[in-house]
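**Student:** what shape does this take:
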Amino acid sequence: MNFKLSNLVAATLAGSMLMGFGANAMADSTTDIVNALVAKGVLTEEEGALLTKGRTDEAAGQAKALKKAGKLTVSDAIDNATVYGDIRVRYEDRSGKGVAAATGIDQTQNLGRSRYKMTLGVKTTSGDFFSDLAFAMGGKGRSDNADFGGNGSNAANSKDALYVKRASLGWNATDWLTLQAGRMENPLYTTPMVWDADLTTEGLAEKFKFKAGDADIFLTALQHQYKGIRNVINDVPQAVSGAGTGTTELFAFQGGARYAINDKTSAKAALTYTTYSKTPGTNFAITTNKVTNTLSIVNGYGVNDLNTIEIPAEINYMASSNIGVRVFGDYVNNTTGDDRAKAAGIVAGSSGSDDTAWMFGVAVGSAKDLKAFEGNKMVKGDWAARVWYQDVGAFSVDANLVDSDFMDSRVNMKGTTFKAQYNIQDNVYANFAYGHATRKNGAYNAAGIGGDLGLNLSSFDLAQFDITYKF
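**Tutor:** Modelled structure (predicted):
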């Protein structure tokens, strides 16, 4: 009786002592004290275990509550929310040679600038539905960059604005069908020769995917509201808010597959057909420039007579346990290139080889396996390098969509580009890139929309070095 009473008293005293410890140190203190009392025979092992469990559970509960209180909360309807983004600092040097349209004099132009950009977004999921909302700097669609001192550093109204880059809703209707609407990432498998990587699409996308043996089949349809707002009175398109008469819409249909040849080799290819709705008064037009004695694009926005077939493809191979090699390319043919040339003012109405564009390149880099190499999933210490050549005809692709960097937002250019990346840590990496291009067909100017150099380029060089921090 006395022994049981002493056990009870000791247990009570131990419990009182444990109550005085903070939640952060409670689990360790409980274990140490109870173990000492059990060792001295004051408590039985069963009594000690009971005390230890109770105090440990309480400490874990308190720690969990504190952790939850410090987190950002979202609606109970949201299953998951992920904040993401990046900050990049870059120095680049652009230089070009060519004729100034106003004077007809050959000139050399150099444009060196330090730049920065940021993207901030959040993705959410709720059952079978998902969303993507992102903001980025830069008023032009093909560039999210701002220049150091571009608005007068520290002057009034010098701060750059954030714009809505993506605002889309999606529905995973089945395992094989996803529907998406709004301003969204380009859903097509393509290359910067055709679509600048910074561009988004606005409209609807339907994505199908399924397996067929070792092949992953994908089918994508895109209905992109390209320009203008629908406004029709008595079957006549009306001008809306300076958007011009009528609307322009892009329709793309893509079918492709990724095939696993073995655990070290895979191949991927697609066939894409792209067409545009007809819009009056927006022809891609060319006139004779009396000063430069060349044919000059006067309406690069025109998307008339663009019905393209594109074939992007790649083969990935793990040459060793951690080194991958990729051979990649892209080919485009505008099936109505002759009509586009004729509408532009070419009397003969023949586009020749200027109705095609093609790219061929090789990439090599470190990766833990084939899937990581294919997806460019690089971690600390990984490196990658790639080089490619491309040749883009004046009537082959949409001049509004092509890459804004290595061809200065222009068509009728050809040249080579080299890029290298090294990951300083998982989310911080350095890039170096250099590209050289020349005009493809000297009879026409190097047509483009919003290029940074104001010359009818005969040659163009671009060097870039940047550091990116992802979160």
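**Student:** now the helices for this structure?
**Tutor:** 2-19, 26-39, 45-69, 337-344, 370-374 (DSSP state H).
**Student:** which stretch in the ones you listed has the least confidence?
**Tutor:** Of all those, mean pLDDT reaches its minimum on helix 2-19 (a mean of 42).
**Student:** excluding its backbone neighbours, what's nearest M407?
**Tutor:** Closest residue to M407 apart from its sequence neighbours, by C-beta to C-beta, 6 or more residues apart in numbering: M413 at 4.5 Å. Heads up, the C-betas are built off the backbone N, CA and C, glycines and all.
**Student:** and the one you found, how many neighbours?
**Tutor:** M413 has 27 neighbours, counted by other C-beta atoms under 10 Å.
**Student:** that one touches G435, doesn't it?
**Tutor:** No: contact criterion C-beta atoms under 8 Å: M413 and G435 do not qualify, at 10.2 Å.
**Student:** which neighbours do these two have in common?
**Tutor:** M407, F460 (C-beta atoms under 8 Å, 6 or more residues apart in numbering).
**Student:** low-confidence ranges in the stretch 101-250 of the chain?
**Tutor:** For the stretch 101-250 of the chain, the stretches flagged by pLDDT under 70 are 101-102, 139-141, 151-158, 235-246.
**Student:** and if you look at the stretch 251-400 of the chain?
**Tutor:** Judged by pLDDT under 70, the stretches of the stretch 251-400 of the chain that qualify are 278-301, 347-349.
**Student:** tell me where it has strands.
**Tutor:** For the stretch 251-400 of the chain, the strands defined by DSSP state E, counting those that start in this stretch occupy 265-276, 286-289, 294-297, 307-318, 323-334, 356-366, 383-392.
**Student:** ok, which of those comes nearest Q421?
**Tutor:** strand 383-392 (4.9 Å; C-beta to C-beta).
**Student:** got the confidence number for the residue nearest to M407?
**Tutor:** At M413, pLDDT is 93.
**Student:** likewise E92?
**Tutor:** E92 is given a pLDDT of 96.
**Student:** just the strands from the stretch 51-200 of the chain, written as ranges.
**Tutor:** Here the stretch 51-200 of the chain has its strands, by DSSP E, counting those that start in this stretch, at 80-99, 106-126, 129-137, 146-147, 162-172, 177-185, 200-212.
**Student:** what lines up beside the fourth one in the sheet?
**Tutor:** To tie it back to what came earlier, the one meant is strand 146-147. Here strand 146-147 has these sheet partners by DSSP bridges: strand 106-126 (antiparallel).
**Student:** show me what contacts the residue lying closest to E92 once chain neighbours are set aside?
**Tutor:** Counting by C-beta to C-beta, 6+ apart, E92 lies nearest to Q464, which is 4.3 Å off, once chain neighbours are set aside. Neighbouring residues of Q464 by C-beta under 8 Å, 6+ apart: R90, Y91, E92, D405, N431, F432, A433, Y434.
**Student:** which strand residues bridge the third one?
**Tutor:** For E92, the beta-bridge partners under DSSP bridges are R113, Q464.
**Student:** quick one: it and N110 touch, right?
**Tutor:** No: counting by C-beta under 8 Å, E92 sits too far from N110 to count as a contact (11.3 Å).
**Student:** these two: which is more packed in?
**Tutor:** The neighbour comparison of E92 against N110 (other C-beta under 10 Å) goes to E92, with 19 against 10.
**Student:** so what's that one up against?
**Tutor:** By C-beta under 8 Å, 6+ apart, the residues touching E92 are G112, R113, R115, L462, A463, Q464, F465.
**Student:** 10 Å - rerun?
**Tutor:** With contact taken as C-beta atoms under 10 Å, 6 or more residues apart in numbering, E92 is in contact with 111-115, 145, 147, 405, 433, 452, 462-466.
**Student:** relative to E374, how far out is it?
**Tutor:** Counting by C-beta to C-beta, to the nearest Å, the gap from E92 to E374 is 29 Å.
**Student:** ok, V83 next?
**Tutor:** 26 Å.
**Student:** and stretch 462-471, what's buried?
**Tutor:** Across stretch 462-471, burial judged by 16 or more other C-beta atoms under 10 Å covers L462, A463, Q464, D466, T468.
**Student:** the second one contacts R113, correct?
**Tutor:** No: contact status for A463 versus R113: not in contact, 11.7 Å apart, counting by C-beta atoms under 10 Å.
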